[in-house]
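Asks: sequence first, then the predicted structure, then my questions.
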Amino acid sequence: QVQLAESGGGLVQAGGSLRLSCAASGRTFRYYIMGWLRQAPGKEREFVAAIPWSGVTYYADSVKGRFTISRDNAKNTVYLQMNSLKPEDTAVYYCAAATSIELVRAGLADYWGQGTQVTVSS
């Protein structure tokens with residue numbers, strides 16, 4: 001069992017930065033691919049980024065070069081550093097844990113956080 005808790009969302013102007021954190025409970029954290037997905041109003045949830053234990057990173061094309069995912073396995077925490085934010089990045093951001101990158105990309109994770117709101121004003 002893994003429990004996830006996000007933090008770090010908020011309101012920021014376009015061009016600004018935010019860092020999201022996701023703290024995971026449970027000793028099996030290391031076995032999961034950790035990811036971030038987001039859902040904007042009226043839109044489907046979409047993949048943002050993912051990172052397995054090895055540290056290899058995966059990004060959606062829309063955030064590549066602006067967002068950085070990382071994880072601290074000693075702290076059971078995954079981060080999403082978001083730079084050069086755009087109004088279209090406005091969404092609820094969810095932390096997720098899954099056993100494969102394909103499941104994260106498809107939004108079929110085993111565990112989810114409660115979500116944190118990110119609002120980017122123009």
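Replies: It's in. Numbering: from 1, shown residues only.
Asks: what's the helix or strand for the residue nearest the centre of the chain?
Replies: Taking CA atoms, centre = their mean, the centroid of the chain lies closest to Trp36, which sits 2.2 Å from it. Under the criterion of DSSP states H and E, Trp36 resides in strand 33-39.
Asks: just checking, what packs against that strand?
Replies: Judged by 3 or more CB pairs under 8 Å, 6 or more residues apart in numbering; DSSP states H and E, strand 33-39 is in contact with strand 18-25, strand 46-51, strand 67-72, strand 77-82, strand 91-98, helix 101-105. Where you see a C-beta, it was placed from the backbone N, CA and C, and this is true even at glycine.
Asks: give me the sheet partners of the helix or strand following the shortest one and which way each runs.
Replies: Put plainly, it is helix 101-105. Under the assignment DSSP H and E, the closest C-terminal helix or strand after helix 101-105 is strand 111-112. Its sheet considered, strand 111-112 pairs with strand 91-98 (antiparallel) by DSSP bridges.
Asks: average pLDDT across the partner strand?
Replies: Averaging pLDDT along strand 91-98 gives 97.
Asks: could you do stretch 64-79 as well?
Replies: In this model, stretch 64-79 has an average pLDDT of 95.
Asks: and it, which residues are buried?
Replies: Across stretch 64-79, burial judged by 16 or more other CB atoms under 10 Å covers 67-69, 71, 76-79.
Asks: what bits of this protein have low per-residue confidence?
Replies: Applying pLDDT under 70 to the chain flags residues 27.
Asks: one more pass at 80, please.
Replies: Low-confidence segments of the chain, defined by pLDDT under 80: 26-28.
Asks: and the residue lying closest to Ser25 once chain neighbours are set aside, how many neighbours?
Replies: The shortest distance from Ser25 to any non-neighbouring residue, by CB to CB, 6 or more residues apart in numbering, is to Gln3 (4.3 Å). As a burial measure, Gln3 scores 13 neighbours (other CB atoms under 10 Å).
Asks: do the same with Val92
Replies: The number of residues packed near Val92 is 18, by other CB under 10 Å.
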